[in-house]
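Engineer: the following block contains a protein sequence and its predicted model.
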Amino acid sequence: MANTTYALISSLLPSVWEAAMMHAMQNTFMPSLVQVFNDRTGGVARSGSKYSAGTVASLTEGTDISTAQTLTRAAFATITPAEVGDMYLITDLRAESEDVMNIFADAAQVIGYAMAKSVETNLLSSFTSFTGEASGGTIGTAGGTLTISHILAAASQPSASTLPTPWRCTTFSMAAIMP
């Protein structure tokens, strides 16, 4: 029985991994909001750069632009890739007591949730604050209650800075996703 169980489990592991990754992808929002840096491979830190903001001049008929602007890139962020993993222990007693497909579905959900939580936490921890060039200031207070006025005030910041849309505001409760 042990060889049959091992053969069955090892043959279904790729399906568990695939389902766990799908669960993680469907339950995260930060990966869709951040820029992927693929200028390096492996664990080498990735660096992001951007062009300096240009300024436009008002022109009238027959006038030319008198000053040229230098088009330069400046680094704005560096992030180091991380590797994470999770393991789900399936005992002989559980494998013999329950439907194996239910066990694998549970494993995929638990591992997928753990991966999603890790990705979200790691990406969000990269932002020390939401102040600076992009937001123009702090909205709300740490530990305070989020209200619609906070969201509207936050939306006015990129608008005033003439940052292009789309802007996103996503709120959710981790307790609602998984107990």
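Structural biologist: Yes, it's here.

Engineer: I figured Gly48 was touching Ala75, is that so?
Structural biologist: Yes - between Gly48 and Ala75 a contact is recorded at 7.0 Å, counting by CB atoms under 8 Å. Every residue, glycine included, has its C-beta placed from N, CA and C.

Engineer: neighbour count for those two, which is higher?
Structural biologist: Gly48 (15 against 9; other CB atoms under 10 Å).

Engineer: is it true that that one lies in a strand?
Structural biologist: Yes - counting by DSSP: H, G, I helix; E, B strand; the rest coil, Gly48 is found in a strand.

Engineer: what separation do you get for it and Arg40?
Structural biologist: Here Gly48 is placed at a distance of 12 Å from Arg40 (CB to CB, to the nearest Å).

Engineer: check contacts around Leu33.
Structural biologist: Residues near Leu33 by CB atoms under 8 Å, 6 or more residues apart in numbering: Arg168.

Engineer: how about a cut-off of 6 Å?
Structural biologist: Shown in contact with Leu33 (CB atoms under 6 Å, 6 or more residues apart in numbering): no residues.

Engineer: for the one 10 residues further on, same thing?
Structural biologist: Contact criterion CB under 6 Å, 6+ apart gives Pro81 as the residues in contact with Gly43.

Engineer: again, only this time at 8 Å
Structural biologist: Thr80, Pro81, Glu83.

Engineer: and the pLDDT for the closest residue in space to the first one that isn't next to it in sequence?
Structural biologist: In this case it means Thr80. The spatially closest residue to Thr80, leaving aside those adjacent along the chain, is Ala45, at 4.5 Å (CB to CB, 6 or more residues apart in numbering). The per-residue pLDDT reported for Ala45 equals 80.
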